[in-house]
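Q: Show me how the following folds:
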Amino acid sequence: MKALFRSLSTFVGLASVLAGTVAACSGTPVTAAGVEPTCDEKKCLPNNKCITGFDTAADQAANDPKKATLKCRLMCDPPDLTKASAQDLCPSNYHCNAGGTVKSDGSTASYCVPDRTAYNKPATGKGQWGASCNPQQGFETNPACDTDQNFWCYANSPDDGDAFCTQIQCTDDLDCKGGYFCATINQSPSATTAKRSFGAAQTTTACLPRAWNLAPNTRCGGCKTDIDCPLNLGRPQHCVGADANGGPEKVCAVECINDKNCTLDAKCAAPAEGPNLVSTNATGVCLPRASSCKGDGGLCSPCSSDKDCTNGFCINADYSTERFCTFKSTTPCTSTQGSATCPVKPNGGQVSCLTKQDPLKDQCIGISTIGGAGVLGCWTPNRK
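A: Okay, the predicted model is just below:
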């Protein structure tokens, strides 16, 4: 069996790109440094325009205007956000990037940029980004995934019906397909075990869709513009401040009609950015009740893995599916109430302490009440 984690060098060996699919101008590309433009839009392929933008993912990441060039580029602004996202409009091995400048009228446009790494579609038809896989058939050797190009089966347990093929151990978002982000996760649970790992040292990374919903293997994904956000279970998303007030932490948030459309630790709210809602009857987007997808690491801080928690672990609550940090009591915990020294729950409410579950012993946890029963939860509202 292959080692659990491959070398990061596997991300840089496959360099073939779909040459000519996106750019169709004749002549030499022109830099944005004042050279006379030569791109002739009449020679561009359909849905292409003469756009000043970046030629590579590396130039895009550097965001240096001096590296921008003018050439025919495939546009990827979707005409109907309810049917396709911007990332759906780019060919395989390309992603959509915002902020290009159209030569003809100076307007801005989104355009397709080659991915950092290109993946050839295998003749066998094995799965790549988001293809379903059966976790009981293996992790790094799953027959449903394109393991020749290091696509492995990502799952929340060996029985996870939402398991899919993706890249594991990414370095940043540009190692991932458009609409995905590089998330830090615990090494387990996984396709091979339901038992979870503990501690920041037992974490890794995986390319996950920017589509936070009730599926247990989804997470809240950061973004820069709406272009970064794919459809979430068929519903449009917008890149907005996680606090609903236009704050600096931008996340992909799905359109909603009411709180029932959101995860239990999220609410349907109208964000400060005032996005153009396109779903029928949509009133807002689903935003975390904690006003953040990644907090300060203290008790009840939203988290993605143990690496996000300063003095505890990232707990995945079974009922609410929310993820939050525990915090170790400063005194031993001998009963669930009254014996521990725990921080105050940030939004008020009940805090308990775990007594018997190693290595979770003496960990303070948030409690919500559902139907009078206490369940793990920090931001899920109490309900009768």
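Q: When you work out contacts or count neighbours from here on, use the C-alpha atoms and nothing else.
A: Will do.
Q: residues touching Asn134, list them.
A: Residues touching Asn134, when contacts are defined by C-alpha atoms under 8 Å, 6 or more residues apart in numbering, comprise 142, 144, 153, 160-161, 163.
Q: Out of those, grab the one that's most surrounded.
A: Per-residue neighbour counts (other C-alpha atoms under 10 Å) across these peak at Cys153, which has 34 neighbours.
Q: that older thread, please convert the contacts of Asn134 to TSV, extending it with secondary structure.
A: Formatted as TSV, these follow (DSSP: H, G, I helix; E, B strand; the rest coil):
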residue	secondary structure
Asn142	coil
Ala144	coil
Cys153	strand
Asp160	coil
Gly161	coil
Ala163	coil
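Q: Relative to Thr341, which of those residues is nearest.
A: Set against Thr341, the nearest of these by C-alpha to C-alpha is Asp160 (36.8 Å).
Q: For Arg196, see how far away the nearest residue to that closest one once chain neighbours are set aside is.
A: In space, and not counting its chain neighbours, Asp160 is closest to Pro135: 6.9 Å by C-alpha to C-alpha, 6 or more residues apart in numbering. According to C-alpha to C-alpha, to the nearest Å, Pro135 and Arg196 sit 16 Å apart.
Q: So between these two, which is more surrounded?
A: Set side by side, Pro135 and Arg196 show more neighbours around Pro135, with 28 against 14, by other C-alpha under 10 Å.
Q: Verify the contact between the more buried one and Ala191 for me.
A: Yes - contact status for Pro135 versus Ala191: in contact at 4.7 Å, counting by C-alpha atoms under 8 Å.
Q: what do those two both touch?
A: 153-155, 157-160.
Q: Let's see if you can find the most crowded of the residues you listed.
A: Cys153 (34 neighbours).
Q: what sits opposite that one in the beta ladder?
A: For Cys153, the residues forming beta bridges with it (DSSP bridges) are Cys165.
Q: tell me the pLDDT at Thr331?
A: With respect to pLDDT, Thr331 has a value of 88.
Q: In this structure it contacts Cys353, no?
A: No - counting by C-alpha under 8 Å, Cys353 is not a contact partner of Thr331; they are 10.6 Å apart.
Q: The residue lying closest to Thr218 once chain neighbours are set aside - how many residues pack around it?
A: Leaving out its chain neighbours, the residue that sits closest to Thr218 by C-alpha to C-alpha, 6+ apart is Trp212, at 5.2 Å. Close neighbours of Trp212, defined as other C-alpha under 10 Å, add up to 23.
Q: Let me see the contact set for Trp212.
A: Contacts for Trp212 were tallied using C-alpha under 8 Å, 6+ apart; they are 218-221, 232, 252-253.
Q: ok but it is inside a strand, no?
A: No - applying three-state DSSP, one finds Trp212 to be coil, outside a strand.
Q: and it, what are its phi and psi?
A: Note on Trp212: its backbone torsions stand at phi -80, psi 120 [degrees, to the nearest 10].
Q: Helix, strand, or coil at Lys294?
A: coil.
Q: just for the stretch 251-384 of the chain, where's the confidence low?
A: 335-340 (pLDDT under 70).
Q: quick one: the strands in it?
A: Using DSSP state E, counting those that start in this stretch, the strands of the stretch 251-384 of the chain run over residues 266-269, 284-288, 314-316, 323-325, 327-328, 351-353, 363-370, 373-376.
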